[in-house]
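Participant: sequence? don't have it. structure:
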């Protein structure tokens, strides 16, 4: 079976499978009872094709629009005359421009129309908004605006109701055939024996079909509700918006035309709009148009399209068009119907279902042929082969129903759906554990993870940063918040303090604002916030420092340059550049420094050594170090020129404390005991990284810490020896991270999980088997490239995700083991009995009940087992593990052999053992066989809770679903035997017969325990 699966069903990867590969396995699934249900949780390839065509159209439309816009721009002389007429309802609402006109300006990149309407300021006026204070936060006015311009949501497919799932469950081909059999049985039975006696068999099958349909539909409907809840969580995206003059976070779905939105690196543009102000804004439009070349946005090219990503820079934009009026809205509406890729496990189990289904089909045909031959031989012996009665027709119909039901039991349609059930359950629970799974496959892949490459800041540490040490004017001091600023500044010249505050407040991606409560609030990244807090501690005035000079140019921080720079035009005249970033990089760019007298002096060897020693001292105390520097520029500097990289004067160095998160050390230890290697990949100083790594338990005595620049210079041979030992990579660039991940996956066959929060982490997140983005610190670009979002940015949550991933994998293995055992026994019992005795002990109704026990109910019981801590004490499956392991085959074959021998013995010797005589002896014996068979499955279900451990009762009551399924199965079995005999072809049993049936089932448990003692190779 494994070779069949590897050959036909192993092409689908956890990520980035081509449409051809996805289509191939669908074509191979030849024995499918219910395509609507079987392929429900698979990608809709036709919808994806539509989305790809839409992207190509967008690309062409945009290209033409840009060309037309450029041509029009050259011919605009003065202000063109407008022929636009404001619709009356728009005027009455208090606006001067309609939604269609706004859409045509931005989507069409129409410079001419924009100029006609008075540019960005003119549009703002017509939209009754302010580019500085934003919209007025009056609910009545906002609702009025929403009625005119629409909401920022795209049309989604309507949620399916319960009856839709019932209808889809009825599409099962075998159930349809059985329903036809039931109808014919009813007609012939009533014609022969009258009502109600002649209707019993037919009604029994109908009732069984209805029960199967209802249970199946209920399970599927509950699953869909779980996925719907998860989809809502996935779509929660917040953005910084100014309303009523206050800046705060709000959902992108609440945005309206006229809103002022603040964008920075990694943000997704939430709606169509116009650039108001900003620096170095580079936009990636590939998600909308497929075009990989970034577009520069500025006052000359102010058009921003919904769904595109900010690749570099930061800006303020004004929303003009929202929701389905944008191209992104239309594209998302189509994409949402495309669905998620199916997971490798889903595909593999579709392969198992197809393989067993083909065998079952052969068995069913042969069983039917043997039963018909038996009937024909009997009639031949009696000499009645030329005269056929209604009873004979009913018997033939019963044979056909048994053959069809063998197909029902033999095709394990529930296998692929058990994956989805288990994943839906795990995803819902993981959501409670602060992990949002974006792609189904990530859940199961995480269970195979052998390596985690983690960021330091915010993942291993708390991301609550404070400046605790500084070295200014060569004077190293602790920053004590309890003391006042004047004592701290007493040894620093006033001119240096002024320069330091200018650097802190102007060279920052953060802001200090007054919130609605009238209190100061710091916005921005944790590093920026720590520096701004330090500036306020020194007695600085943020607004005063920001407004005094004029900002000429900004080069935002990114993890490749590891620095940020600004150019200011000073009030007294002249230009000054400020830079901050990685201490050793900025220090290397300095040739001067400020001494203890506030004088600028050349940077000599002794001073450099002193500063380097200070950096190392700070870093060894696990502090993040930043260097601040400035330089005076010539007046000939242009905003288009890059900010110089050298010739700076060092102002000082600050040490920022970012404490290790509680519980991280324990989580790293858990991962290590689970066979998962944890590596730290950070942009920080190597000494800081090593100190934190030791504190977390990541860096051990036999491990290596390396810097990105050194890693880059290594040859392939050196990397082959080095990579397994690397535990810390410091001063790494995104490319280093990507290279490390690629080597671990391809050269060493590891299953790699990678954490990331920045835009530049996207390639590594994309390359990894499991991309883990940070929910708090992560950018939208990182989140979109990730498979799982860690909502609390905590490493301990990553360990929890690994545990849930293993739980999913093991649970599905348990269910497969259980279902294949039932498949094998049900097939062989009915087939061998038909061949040797000429009749089948299990009727169509009984087989339908067995099918429901092993399919929907079995999946509910075994696929929803919660994870245990023991899961993290076993080695990971890795990339090359067989799904159906030798341990599983041992359990399946051993248990199947026991069940078959017991049932066969009952069939041969049952009458003698129970002293059954009289006309009902066959019925009672078949009831005993059916009852024993069902209880074999009940106890086998308990044994399947553990595939290798003998104690299967541990934690059994913690899983209320398992307990409920088991209890309801036993109760319904009692009802079927004692009260529904007329419909289910059973007879009430005596107490001793009940005891023996249950005892036969129970005996399977010690046999399962004995089987677990037989050693087998793991693969």
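Facilitator: Okay, I see it. Note that the structure is a prediction, hence the values are computed from the model and not measured.
Participant: Contacts only, for the residue lying closest to residue 714 once chain neighbours are set aside.
Facilitator: Excluding its sequence neighbours, the residue lying closest to residue 714 (C-beta to C-beta, 6 or more residues apart in numbering) is residue 722, at 6.2 Å. The C-beta positions use only the backbone N, C-alpha and C, and glycine is treated the same way. Residue 722 is in contact with 704, 706, 714, counting by C-beta atoms under 8 Å, 6 or more residues apart in numbering.
Participant: change it to 10 Å
Facilitator: Residue 722 makes contact with 704, 706, 710-711, 714-715, 743, according to C-beta atoms under 10 Å, 6 or more residues apart in numbering.
Participant: With residue 185 instead?
Facilitator: With contact set as C-beta under 10 Å, 6+ apart, residue 185 has these partners: 178, 198-206, 393-394, 397-398, 401, 844.
Participant: Can you check which helix is longest in this protein?
Facilitator: helix 795-837 (DSSP state H).
Participant: hang on, residue 311 is in a strand, isn't it?
Facilitator: Yes - according to DSSP: H, G, I helix; E, B strand; the rest coil, residue 311 belongs to a strand.
Participant: Model confidence score at it, please.
Facilitator: Looking at residue 311, its pLDDT is 84.
Participant: what about it, how many neighbours?
Facilitator: Counted with other C-beta atoms under 10 Å, the neighbours of residue 311 add up to 22.
Participant: Take the contacts of residue 722 and keep only those in helices.
Facilitator: Secondary structure assignment by DSSP H places 710-711, 743 of those in helices.
Participant: Buried only: go through those for me.
Facilitator: 711, 743 (16 or more other C-beta atoms under 10 Å).
Participant: Same list (the ones in helices among the contacts of residue 722) but as CSV, adding distance to residue 539 and pLDDT.
Facilitator: Formatted as CSV, the ones in helices among the contacts of residue 722 follow (distance: C-beta to C-beta, whole Å; pLDDT from 0 to 100):
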residue, distance to residue 539, pLDDT
710, 42, 92
711, 43, 92
743, 51, 92
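Participant: Helices of the stretch 1-150 of the chain, residue ranges please.
Facilitator: 2-8, 19-28, 35-38, 45-75, 88-92, 99-107, 111-116, 119-126, 139-149 (DSSP state H, counting those that start in this stretch).
Participant: now for the helix or strand harbouring residue 783, which elements pack on it?
Facilitator: Using DSSP states H and E, residue 783 falls within helix 780-785. Counting contacts by 3 or more C-beta pairs under 10 Å, 6 or more residues apart in numbering; DSSP states H and E, helix 780-785 packs against strand 309-321, strand 752-756, helix 762-767, strand 770-774.
Participant: looking at this, residue 551 is in a helix?
Facilitator: No - checked against three-state DSSP, residue 551 lies outside a helix; its state is strand.
Participant: can you count the residues close to it?
Facilitator: Residues lying near residue 551 (other C-beta under 10 Å) number 14.
Participant: And residue 853, what's its pLDDT?
Facilitator: We have a pLDDT of 76 for residue 853.
Participant: My error: substitute residue 370 in the last question.
Facilitator: pLDDT for residue 370: 82.
Participant: how about the spatially closest residue to residue 371 that is not a sequence neighbour, what does it touch?
Facilitator: Closest residue to residue 371 apart from its sequence neighbours, by C-beta to C-beta, 6+ apart: residue 399 at 4.2 Å. Contact analysis of residue 399 by C-beta under 10 Å, 6+ apart lists 367-372, 374-375, 834, 839-840, 844.
Participant: Now find how far off-centre the helix or strand where residue 399 lies is within its chain.
Facilitator: Residue 399 belongs to helix 390-410 when elements are defined using DSSP H and E. Distance, stretch centre to chain centre, for helix 390-410: 45 Å (C-alpha atoms, centre = their mean, to the nearest Å).
Participant: Pull out the buried residues from it.
Facilitator: For helix 390-410, a neighbour-count test (16+ other C-beta under 10 Å) marks 393-410 as buried.
Participant: Which helix or strand lies directly C-terminal to that helix?
Facilitator: Moving toward the C-terminus from helix 390-410, the next helix or strand (DSSP H and E) is helix 414-432.
Participant: Now that next one: buried residues?
Facilitator: Buried residues in helix 414-432, counted by 16+ other C-beta under 10 Å: 414-431.
Participant: Now do the SS call for residue 996.
Facilitator: Per three-state DSSP, residue 996 ends up helix.
Participant: so what's it up against?
Facilitator: Each residue near residue 996 by C-beta under 10 Å, 6+ apart is listed here: 906, 913-914, 928, 931-932, 989-990.
Participant: Which one (most neighbours) among those residues?
Facilitator: Greatest neighbour count in the contacts of residue 996, by other C-beta under 10 Å, goes to residue 928: 28 neighbours.
Participant: who touches that residue in this structure?
Facilitator: 841, 903, 906-907, 910-911, 913-914, 916, 977, 986-987, 989, 993-994, 996-997, 1000.
Participant: repeat that with 7 Å
Facilitator: For residue 928, the contact set (C-beta atoms under 7 Å, 6 or more residues apart in numbering) comprises 906, 910, 914, 989, 993, 997.
Participant: how does the chain divide into domains?
Facilitator: For the chain, the TED database gives the domain ranges 1-42, 87-153+253-333, 343-425+802-1013, 435-461+661-793, 493-654.
Participant: before we move on, back to that, part of a helix, is the residue nearest to residue 714?
Facilitator: Yes - Residue 722 sits within a helix when classified using three-state DSSP.
Participant: Please report the distance of it from residue 737.
Facilitator: Distance of residue 722 to residue 737, given as C-beta to C-beta, to the nearest Å: 16 Å.
Participant: Tell me, how many residues neighbour residue 635?
Facilitator: Neighbour number of residue 635 under other C-beta under 10 Å is 8.
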